[in-house]
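Peer 1: Make a model of this:
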Amino acid sequence: MIDLSHPLFKVLAALLVLISWRRWAPVSYWYLIVFPRKAVRLRWTWRHVASGCGLTKKRLRWWFTTVPGLIASTGVVKVRRRFQRVEVDTKPWMGLPRPTRNGFRITFHLLDGQVPDDYAKVCERLAHAWRIEAVRVVGSRPGRVTLQGITHDPLTLVAPTAPPAEPSGGWRTEDLLRPVVGVLENGAAWRMDFRLIPHWMNAGATQSGKSNLINALLVGLASQPVALIGFDLKGGMELSAYEARLTALATTRAECLDLLSDLVAVMGARMLACRRYGVRDIWQLPDALRPIPIVVLVDELAELFLTADKAEKDQVTRTATALLRIAQLGRALGLHLVLSGQRIGSDLGPGVTALRAQIGGRVCHRVNDPETAVMTLGDLDPDALVAARSIAPEQPGVAVVTGSDGRWCRARSGYVSTDAAQRAAEAFADVTPSWAQVAASGLGHELPYESSPELVA
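Peer 2: Numbers count the residues shown, from 1 in each chain. Model prediction:
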């Protein structure tokens, strides 16, 4: 008969419980079992890790030293103690690790002469030393820097599904122009915040997730009182499916140039309105007078800058000038750009380089050539380029994105099929403002857009 009280069976039962716990309740298992052990190890090994990563500093300190004297006739050694300046290694002070759902956070006190970038440069070393997936700088204040350790990469799992659009009128005021499009590598929601970062560049090769990000963005904005305007020089193959929710759609170079000219005119009218009411941007206007925000979706940016003959060169110059003007002045006037393309390089002309300098938000999916990655992320951090170039083809939707603080992180857009995005566009077609409403909004009822004397002047 099997003796269930035998120690071996107790050990096996305990192991079975732990394995089941880890599989069926991984969050509580992490908080109660794994994290305490990890926190102790972090504190215990911090001196060696800081020294290996070059985060320690040499300091001179006064120290008690023992100086032996002569041996007396009694055989007793006479000693004396005195202060002496010696050089010692000082490590940054570590706060208590705080658990998160996918890892932990730690705040460090910076030593004299250190800055948060010193920690950003050694994040990869820290990740290897701590045996975790990644380490990122997530916050800083004078004399302090906060790191987040990510124990496992949530982006390697099945691509998350983007949240469905809310019923008409169900959007929250604080979510205006802040759609959730996916998940960040730390498990937090990925928001494309146009109020904070007004313009975005979306680069990626075919099947990298670039178009899926546009789908997720459209679903997130469909229910909001926002005008969506499309530029699709692929003959409308990409954006025509969402035409029910688009205020305007241009599919040829001539149509794009005319539509950009109209947008510049609308921008000028909004400037006059802000001047009339004594404000510096449309968000300072009363709600009843605030113009409708506009999000411009450009698919395949390179097509706007390619020229086949001299006749198209003038069109490209005018197109580049209009886009650059919108990028420079659009934030305060409620005009936002989302520029997508497979190839975004300086070889397309100086207009692309000047336009890139005005785009604060960067999204780089897997790309075919290093120059596109450099054009998208090259002015940020060399490690961002390495991360972008290491995205595997079997992980569509994974990208390197910039944060509001200028630092980068990895993210993955939620999977949204073309059919799902088309259904969302059709479901909220009644929310779509007409071009006349977009042009006249914010100018006041007493001054319609068509008869504005200031515009005529």
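
Peer 1: Could I get the full set of helices for the stretch 1-150 of the chain?
Peer 2: In the stretch 1-150 of the chain, the helices defined using DSSP state H, counting those that start in this stretch lie at 7-24, 26-29, 35-52, 116-120, 123-130.

Peer 1: Relative to residue 218, which of those helices is closest?
Peer 2: For residue 218, the closest of those is helix 26-29, at 32.3 Å, according to Cβ to Cβ. Where C-beta positions appear, they are placed from N, C-alpha and C, glycine not excepted.

Peer 1: Report the distance from that closest one to the chain centre.
Peer 2: 27 Å (Cα atoms, centre = their mean, to the nearest Å).

Peer 1: tell me which residues in it are buried?
Peer 2: For helix 26-29, a neighbour-count test (16 or more other Cβ atoms under 10 Å) marks residue 29 as buried.

Peer 1: which other helices and strands contact it?
Peer 2: When contacts are defined as 3 or more Cβ pairs under 8 Å, 6 or more residues apart in numbering; DSSP states H and E, helix 26-29 sits against helix 7-24.

Peer 1: buried sites along the helix it packs on?
Peer 2: Of all the residues in helix 7-24, not one is buried under the rule 16+ other Cβ under 10 Å.

Peer 1: Ok, stretch 35-52 next?
Peer 2: Within stretch 35-52, the residues scored as buried using 16+ other Cβ under 10 Å are 35, 38, 39, 42, 46, 49, 50.

Peer 1: Let me know the closest of these to residue 367.
Peer 2: Taking Cβ to Cβ as the measure, residue 367 sits nearest to residue 49 out of the buried residues of stretch 35-52, at 33.9 Å.

Peer 1: give the contact list for the nearest residue to residue 252 once chain neighbours are set aside.
Peer 2: In this structure, residue 252 finds its nearest non-sequential neighbour in residue 233, 7.2 Å apart by Cβ to Cβ, 6 or more residues apart in numbering. Residues in contact with residue 233 (Cβ atoms under 8 Å, 6 or more residues apart in numbering) are 251, 252, 253, 256, 299, 300, 303, 304.

Peer 1: Just give the number of residues close to the closest residue to residue 107 other than its chain neighbours.
Peer 2: Nearest in space to residue 107, with sequence neighbours left out and distances taken as Cβ to Cβ, 6+ apart, is residue 95 at 4.1 Å. Residue 95 has 12 neighbours, counted by other Cβ atoms under 10 Å.

Peer 1: Need the pLDDT of residue 95.
Peer 2: Looking at residue 95, its pLDDT is 92.

Peer 1: Then residue 43?
Peer 2: For residue 43, the pLDDT comes out at 91.

Peer 1: Go ahead and confirm it touches residue 94.
Peer 2: Yes. In this structure, residue 43 is within contact of residue 94 by Cβ atoms under 8 Å, at 6.7 Å.

Peer 1: Need the nearest residue in space to residue 301, chain neighbours excluded.
Peer 2: Nearest residue to residue 301 in three dimensions, chain neighbours excluded: residue 341, at 3.9 Å (Cβ to Cβ, 6+ apart).

Peer 1: Is it correct that the one you found is in contact with residue 205?
Peer 2: No. The pair residue 341 / residue 205 is not scored as a contact, 10.3 Å apart, by Cβ under 8 Å.

Peer 1: Specify which residue of the two has the higher count of neighbours.
Peer 2: Taking neighbours as other Cβ under 10 Å, residue 341 and residue 205 compare with residue 341 leading, 24 against 17.

Peer 1: Is that one bridged to anything, and to what?
Peer 2: In this entry, residue 341 is beta-bridged to residue 203, by DSSP bridges.

Peer 1: Show the contacting residues for the residue nearest to residue 107.
Peer 2: Contacts here follow Cβ under 8 Å, 6+ apart; on that basis residue 95 touches 106, 107, 108, 109.

Peer 1: Let's see the PyMOL selection covering just the buried ones among these.
Peer 2: Selection command for PyMOL covering only the buried members of those, criterion 16+ other Cβ under 10 Å:
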select buried, resi 106+107+108
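
Peer 1: So which of the contacts of residue 95 sit within strands?
Peer 2: Under the assignment DSSP state E, the contacts of residue 95 contribute 106, 107, 108, 109 to strands.

Peer 1: Just the endpoints, please. Distance across stretch 201-214?
Peer 2: Start-to-end span of stretch 201-214 (Cα to Cα, to the nearest Å) is 11 Å.

Peer 1: low-confidence ranges in the chain?
Peer 2: For the chain, the stretches with pLDDT under 70 are 1-5, 59-89, 157-171, 308, 379-381, 403-405, 441-457.

Peer 1: domain parsing for it?
Peer 2: The chain breaks down by automatic domain parsing into domains covering 58-90, 92-152, 155-167+174-456.

Peer 1: closest to residue 19 out of those?
Peer 2: When the domains of the chain are compared by Cβ to Cβ, domain 92-152 sits nearest residue 19, at 17.1 Å.

Peer 1: Now do the end-to-end distance for that closest one.
Peer 2: Counting by Cα to Cα, you get 26 Å between the two ends of domain 92-152.

Peer 1: Just the helices from the stretch 351-457 of the chain, written as ranges.
Peer 2: Assigned by DSSP H, counting those that start in this stretch, the helices in the stretch 351-457 of the chain fall at 370-377, 382-389, 418-427, 435-440, 453-456.

Peer 1: In CSV, list those along with distance to residue 19 and mean neighbour count.
Peer 2: CSV is the format used below for the helices of the stretch 351-457 of the chain (distance: least, Cβ to Cβ, whole Å; neighbours: other Cβ atoms under 10 Å):
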stretch, distance to residue 19, mean neighbour count
helix 370-377, 41, 22
helix 382-389, 33, 18
helix 418-427, 38, 18
helix 435-440, 59, 18
helix 453-456, 72, 11
